[in-house]
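**Q** Just the structure for this:
(one chain, ligands or ions: 1)
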Amino acid sequence: MSSSPVSAMFSPDATAAIVSAEESPSSPLDLPLLGQSLAQLQAWVVQQGQPAYRGKQLHQWIYAQGARSLTDITVFSKAWRATVADVPLGRSELHLRSVAPDGTVKYLLRLADGHIIEAVGIPTAKRLTVCVSSQVGCPMACDFCATGKGGFARNLATHEIVDQVLTVQEDFGQRVSNIVFMGMGEPLLNTDSVVAAIRCLNGDVGISQRAITLSTVGIPGRIRQLAEQHLQVTLAVSLHASNQGLREQLIPSARAYPLTALLTECRDYVAVTGRRVSFEYILLAGLNDLPEHAGELADLVGGFQSHVNLIPYNPISEVDYQRPSDYDIQDFAEALRERHVAVSVRYSRGLEKDAACGQLRATKLAAAG
Ligand code: SAH
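**A** Numbers count the residues shown, from 1 in each chain. The predicted structure follows:
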């Protein structure tokens, strides 16, 4: 692990880390074709001296046919393929694939600069959901999160986000129906690439914006900025606590972002986009799952279009929080329902195998020494 750039850049100070996250460059690649729109690909082929219709073929091969390099695109002449063979398409390499008994598939993907990220494919009845990462590691250092314990390296570029979805789609041989930004990283520290990826996944891969969920722990001003993009995605906010003191205990960055300010931005998001906001609430036994917490939570989220997702804590080795009993989980949900809060309990998929998002990579990097 000592040679890992992720551990080398670990910063326990969340505020300092957030600043470095924003200064961090995206991928060093100049021209990955993945992530570009049809118009951009057409302009590029024309610039290369090819007829414009080649752009449409290129688009089709990149987004629907699973081309991994320009040399794969057999409708192009051999001579032209030879001249552009080195142009990066922007696909990752599969580093590890791991299937859980419930059918959830976790992927560790190697990026062009050697960093490893995690993506997860979650099949349910008619759906295929992909849990994508937005950063290599995460600077937020939330106390219960495996990714946060591993430190932060850099933001992902647009193509590195889109690649995760295509990888899962190709591996399952099934169209992806839903995407959740709940893998490694804080998407709103990488808003430009994340928004560009959402537009590409919608416009080029064909996934409905309404089937995309962006999960954030909240960065001051960024939810408002996202609202201004007028996307139809679902915003999920990782609340995890029913009062400011408790939230600061679990989420270091909460010190710089009072709950009142966070909730004001959420209300504005609903007003601007017309979409309800989901609140995620990890249940930690004895800490935030008592009746008084349910009461406080109902007061916080009451009165505007929202939904609470209760997430029973998924144990990680670095801290000794406890997951509540099923009985206590249902009790907490019931207390919220009595207060007219729309609530569901979300059990992590693939628990048997290295647990929730972020944990597979943490386990493998630790095992690698
Ligand atoms: N940074 C974003 C997205 C990544 S985390 C965010 O904080 O929302 C996605 C979700 O998984 C978050 O709600 C996060 O709190 C949750 N999560 C992280 N560690 C977990 C754990 N050990 N058990 C259960 N949920 C966890």
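**Q** all helices for this protein, in order.
**A** Using DSSP state H, the helices found in the chain span residues 5-8, 14-23, 38-47, 53-63, 78-83, 146-149, 158-172, 191-203, 222-227, 244-250, 259-273, 291-301, 326-338, 359-367.
**Q** Would you tell me which of the ones you listed gets closest to residue 284?
**A** Distance to residue 284, taken as C-beta to C-beta, is lowest for helix 244-250 among the helices of the chain, at 7.8 Å. Any C-beta I mention is one placed from the backbone N, CA and C, and that applies to glycine too.
**Q** Quick check: which helices or strands does that closest one pack against?
**A** Applying 3 or more C-beta pairs under 8 Å, 6 or more residues apart in numbering; DSSP states H and E, one finds that helix 244-250 contacts no other helix or strand.
**Q** Let me know the average pLDDT across it.
**A** Average pLDDT, helix 244-250: 98.
**Q** sorry, back to before: can you tell which of the helices of the chain is closest to residue 133?
**A** Nearest of the helices of the chain (C-beta to C-beta): helix 158-172, 6.7 Å.
**Q** Quick check: residues of the stretch 151-300 of the chain near the ligand?
**A** Listed as neighbours of the ligand in the stretch 151-300 of the chain under the rule C-beta under 6 Å from any ligand atom: 182, 186, 215-217, 238, 280, 282.
**Q** could I get the residues you listed as TSV with pLDDT and neighbour count?
**A** Output for those, formatted as TSV (pLDDT from 0 to 100; neighbours: other C-beta atoms under 10 Å):
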residue	pLDDT	neighbour count
182	95	25
186	98	29
215	97	22
216	98	23
217	98	26
238	97	24
280	97	19
282	96	23
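**Q** From the ligand, how far out is the nearest residue to residue 210 once chain neighbours are set aside?
**A** Closest residue in space to residue 210, ignoring its immediate chain neighbours: residue 232 at 5.2 Å, by C-beta to C-beta, 6 or more residues apart in numbering. Distance, residue 232 to the ligand, by C-beta to the nearest ligand atom, to the nearest Å: 19 Å.
**Q** List the contacts of residue 232.
**A** 208-210, 273, 275 (C-beta atoms under 8 Å, 6 or more residues apart in numbering).
**Q** Buried subset of those as a PyMOL selection?
**A** To isolate the buried ones among those in PyMOL, judged by 16 or more other C-beta atoms under 10 Å, type:
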select buried, resi 209+273+275
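**Q** What's the per-residue pLDDT of the residue nearest to the spatial centre of the chain here?
**A** Taking C-alpha atoms, centre = their mean as the criterion, residue 181 is the residue nearest the geometric centre of the chain, at 2.4 Å. The confidence metric pLDDT takes the value 97 at residue 181.
**Q** now do residue 68
**A** As predicted, residue 68 sits at a pLDDT of 94.
**Q** For the stretch 1-150 of the chain, give me the ranges with low pLDDT.
**A** Scanning the stretch 1-150 of the chain for pLDDT under 70 picks out the ranges 1-30.
**Q** Could you pick out the residues of it near the ligand for me?
**A** So the stretch 1-150 of the chain meets the ligand at 144-145 (C-beta under 6 Å from any ligand atom).
**Q** Would you point out which residue of the stretch 1-150 of the chain is nearest the ligand?
**A** Residue nearest to the ligand within the stretch 1-150 of the chain: residue 145 (3.7 Å; C-beta to the nearest ligand atom).
**Q** Just confirm that residue contacts residue 137, I think it does.
**A** No - using C-beta atoms under 8 Å, residue 145 is not in contact with residue 137; the gap is 10.8 Å.
**Q** residues near residue 202, how many?
**A** 19 (other C-beta atoms under 10 Å).
**Q** ok, the nearest residue to it once chain neighbours are set aside - contacts?
**A** Of all residues not flanking residue 202 in the chain, residue 209 sits nearest, at 5.1 Å (C-beta to C-beta, 6+ apart). The neighbours of residue 209, taking C-beta under 8 Å, 6+ apart as the test, are 198, 202, 231-233.
**Q** can you list the domains in this structure?
**A** Domain ranges of the chain: 38-83, 91-368, per automatic domain parsing.
**Q** now the closest residue in space to residue 96 that isn't next to it in sequence: how far from residue 39?
**A** Distances taken as C-beta to C-beta, 6+ apart put residue 108 closest to residue 96, at 4.1 Å, once the chain neighbours are dropped. Using C-beta to C-beta, to the nearest Å, one obtains 34 Å as the distance from residue 108 to residue 39.
**Q** likewise residue 327?
**A** With C-beta to C-beta as the criterion, residue 327 and residue 39 are 56 Å apart.
**Q** and residue 320, how many neighbours?
**A** Neighbour count of residue 320, defined by other C-beta under 10 Å: 7.
**Q** Show me what the nearest residue to residue 190 once chain neighbours are set aside bridges to in the sheet.
**A** Spatially, and ignoring its direct neighbours in sequence, residue 190 is nearest to residue 155 (4.1 Å; C-beta to C-beta, 6+ apart). Beta-bridge partners recorded for residue 155 (DSSP bridges): residue 135.
**Q** how much space between residue 155 and the ligand?
**A** Taken as C-beta to the nearest ligand atom, the span from residue 155 to the ligand is 13 Å.
**Q** among the helices of the chain, which is nearest residue 131?
**A** Using C-beta to C-beta, the nearest of these to residue 131 is helix 158-172, at 8.7 Å.
**Q** who's in contact with residue 44?
**A** 33, 36, 55, 58.
**Q** contacting residues for residue 241?
**A** 247, 249-251, 254, 288, 293.
**Q** Please disregard the earlier target; I meant residue 211.
**A** By C-beta under 8 Å, 6+ apart, the residues touching residue 211 are 177-179.
**Q** which among those gets closest to residue 96?
**A** Checking the contacts of residue 211 against residue 96 by C-beta to C-beta gives residue 179 as the nearest, at 21.2 Å.
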